[in-house]
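Trainee: everything below, folded, please.
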Amino acid sequence: MSEAVAHDAHHHDHPTGIKRWLFTTNHKDIGTLYLWFAFIMFMVGGTFAMGIRAELFQPGMQIMKPQFFNMLTTLHGLIMVFGAIMPAFVGLANWLIPMMVGAPDMALPRMNNWSFWILPFAAILLVAPMFMGGDFSAGTGPNFGWTFYAPLSTKYPYLGYFVFAVHLLGISSIMGSINIIATILNMRAPGMTLMKMPLFVWTWLITAYLLLAVMPVLAGAVTMLLTDGYFGTTFFQAPGGGDARLFQHVFWFFGHPEVYIMILPAFGIVSQIIPTFARKKLFGYSSMVYATASIAFLSFIVWAHHMFTVGMPMAGILFFTYATLLIAVPTGVKVFNWVATMWRGAMTFETPMLFSIGFVVMFTFGGFTGLMLSISTADFQYHDSYFVVAHFHYVLVPGSLFSIFAAVYYWLPKWTGNMYSETLGKWHFWLSTIAVNLTFFPQHFVGLASMQRRVGDYPPQYAEFNMMSSIGAFMFGLTQLLFLYIVIKTIKGGKKATDEVWENAEGLEWTIPSPAPYHTFETPPQIK
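Mentor: Alright, predicted model coming up:
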C-alpha cells in the first residue's frame, strides 16, 4: 500500500475537528459529549431556578407574571432531570464502564453516537415554545409542572413539541440502556464474574433495566396526552368517561422508578470513592449489590405514595405506606456499609472524598424526610408544600449532583492526565455545601407552616426564610462557575497526574481500592 493510501486510511479512521465529535463511536468521546451537554443543561436549569428564587425573594409578584413563574418551575424540573442529572450519569457510564469491565468500547458504538445526538434536539424542542408566543414575558413555554398532570397539560397549546421532546428523551434512554446492558453482560474481561464487577458497574446494570422498564410507560402517558389534546380521546377527561387520576398513576409508575434511576448510579460512584480514600475494601460488597437490587424492585411498588391525597381506598393507602417504609431498609444497609467502610480507615479528605461524605450525610437526611412523607396520615399535611420540595432537593442536589461532582474530581486526572487544583476543589465543595443547606433547609420550616409549592406569591410570614433560601440559591449557582473554571483549567494543563494521583496518598488507584492498611479490623502483623 502506498504511503498516500495509508495516510488516507489513517485519516479516514480518525476524523478531526467537528467531524470527530459528530461521527465519533469512541466511548470516551461520547462520554465527554454527554458530560458537557449535561453541564450546559445544568446551567440552563440553574438559571431557571435562580429566576424562581428571585421571584420568591419577597412576597408579592415582583418581576414576572404568574404564567412565567409556572413555566420556570416546569422547565427547571424537566431540564434538571432529563437534561442534567440523567445525561451526566450516562456520560460517566460511557467513560467508565468499558474501562471497568475491560472492554475495548461499548457493545453498540454507532447506536451510542445516535443516542447522544438525539438529546440536543429534544432539549431544543423542550424550550422552543418559550419563544413562540410573540410576548416572551407571557411564559408560553411548558407551564404545567414537571409532572405535567392532565387535564391541565392537555390544554397546553404547544403540547406536540413537549410530547415529541419526551419521546426523543425516552428513545435516547432506551438505546443507552440496551447498550450498557449488552456491554456489561457480554464484554467483561475473562475472570470478571458478576460478583467481581466494580459497584459502579452493578448500579448501572440495575439502573439500565429500570430505564428499559419505565421509559415505555412514560411514552404511553405522553401519547395519551397527545391524543387527548389533539384527537378527541378522553383518557383523562372526566366528561368523556376518562379519569384524571389515571394520568397520575401512569405518570408515577414511571416517575418513582425514575427517581431511583437518578440515585442508583450515585450509590455506585460513592462506593468506588469512599474505599479509595479510606484505604480499605468496601464493607459488605455483596450486601450492597443485593440492596441495590432490592431498592430497584421496591421502586416499582411504591408509586402511589405521591398520591395519598387523591382519594385512594384505605387498603391502597396502607399498602403504599408500608411498601414505601420498606425501601428504608436496603437504603439503610447501604449507608451503614459506607460508614463501616470509613470506620477505622486511614482516611484523607481530598475533594472527591469530601463530596462523597457530603453525599452520605445529606442524602441520608433527605432519606429521613422521605420516611416522614411515606407516613400517609402525616403526608396529608406535607403534600404539595415546600416540605416536599426540601425533601427531594436534599436527595437530588447533595445526593445525585454531589456524586457527579465527586466522580468528575475523582476521574478527571485519569481522563485528562492533569491534576485539578485541590485548593479550588475544596472551595467548590464548602461553598456548595453551605449554599445547598442555606437554600433548602429553611424550606422544611416554611413547608411545615404550609407554604404551597409552585406558587410565585406567598403570605408575609414566610418572608425571612424565603429570603435565606434565595440568597443560598444564588450563592450555589455562582459557585458552579468556579467548578467550570476548575474543569477547564485541568483540561488545559496543570501538574501531571501519575499513578499516585493524590499527594501523600501512596497506592491510591482509580477503580480497585488499594489493599487494607494495618489499622483495620485485623490484628497488626508482628514486627520481626
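Trainee: residue 20 contacts residue 32, correct?
Mentor: No. The pair residue 20 / residue 32 is not scored as a contact, 10.7 Å apart, by Cβ atoms under 8 Å. Using the backbone N, CA and C atoms, a C-beta is placed for each residue, glycine as well.
Trainee: between those two, tell me which one has more neighbours.
Mentor: residue 32 (18 against 12; other Cβ atoms under 10 Å).
Trainee: what strand or helix carries the more buried one?
Mentor: helix 27-55 (DSSP states H and E).
Trainee: may I see the buried residues of that helix?
Mentor: Across helix 27-55, burial judged by 16 or more other Cβ atoms under 10 Å covers 27, 29-35, 37-39, 41-42, 44-46, 48-55.
Trainee: so residue 143: helix, strand or coil?
Mentor: coil (DSSP: H, G, I helix; E, B strand; the rest coil).
Trainee: phi, psi of it?
Mentor: When read as degrees, to the nearest 10, the backbone of residue 143 gives phi -140, psi 30.
Trainee: who's in contact with it?
Mentor: 67, 68, 70, 71, 74, 156 (Cβ atoms under 8 Å, 6 or more residues apart in numbering).
Trainee: just residue 100 next, same as before
Mentor: The contact partners of residue 100, by Cβ under 8 Å, 6+ apart, come to 197, 198, 200, 201, 511.
Trainee: which residue is the nearest non-sequential neighbour of it?
Mentor: Spatial nearest neighbour of residue 100, chain neighbours left out: residue 198 (4.7 Å); criterion: Cβ to Cβ, 6 or more residues apart in numbering.
Trainee: ramachandran coordinates for the one you found?
Mentor: phi -60, psi 150.
Trainee: quick check, it in contact with residue 272.
Mentor: Yes. Assessed by Cβ under 8 Å, residue 198 is found in contact with residue 272 at 6.1 Å.
Trainee: tell me which of the two has more neighbours.
Mentor: residue 272 (26 against 23).
Trainee: and the more buried one, what's its pLDDT?
Mentor: Looking at residue 272, its pLDDT reads 96.
Trainee: helix or strand right after the helix or strand where it lies?
Mentor: Per DSSP H and E, residue 272 falls inside helix 264-278. For helix 264-278, the following helix or strand on the C-terminal side (DSSP H and E) is helix 285-298.
Trainee: check which helices and strands that following helix sits against.
Mentor: helix 199-230, helix 244-261, helix 264-278, helix 314-342 (3 or more Cβ pairs under 8 Å, 6 or more residues apart in numbering; DSSP states H and E).
Trainee: starting at the chain centroid, how far to the third one?
Mentor: Relative to its parent chain, helix 264-278 has a centroid offset of 15 Å by Cα atoms, centre = their mean, to the nearest Å.
Trainee: quick revisit: what's the closest of the helices and strands packed on helix 285-298 to residue 289?
Mentor: Minimum separation from residue 289 across the helices and strands packed on helix 285-298 (Cβ to Cβ) falls at helix 199-230, 5.3 Å.
Trainee: pLDDT of that closest one, averaged?
Mentor: pLDDT averaged over helix 199-230 gives 98.
Trainee: list the buried residues in it.
Mentor: 199-211, 213-215, 217-219, 221-222, 224-226, 228-229.
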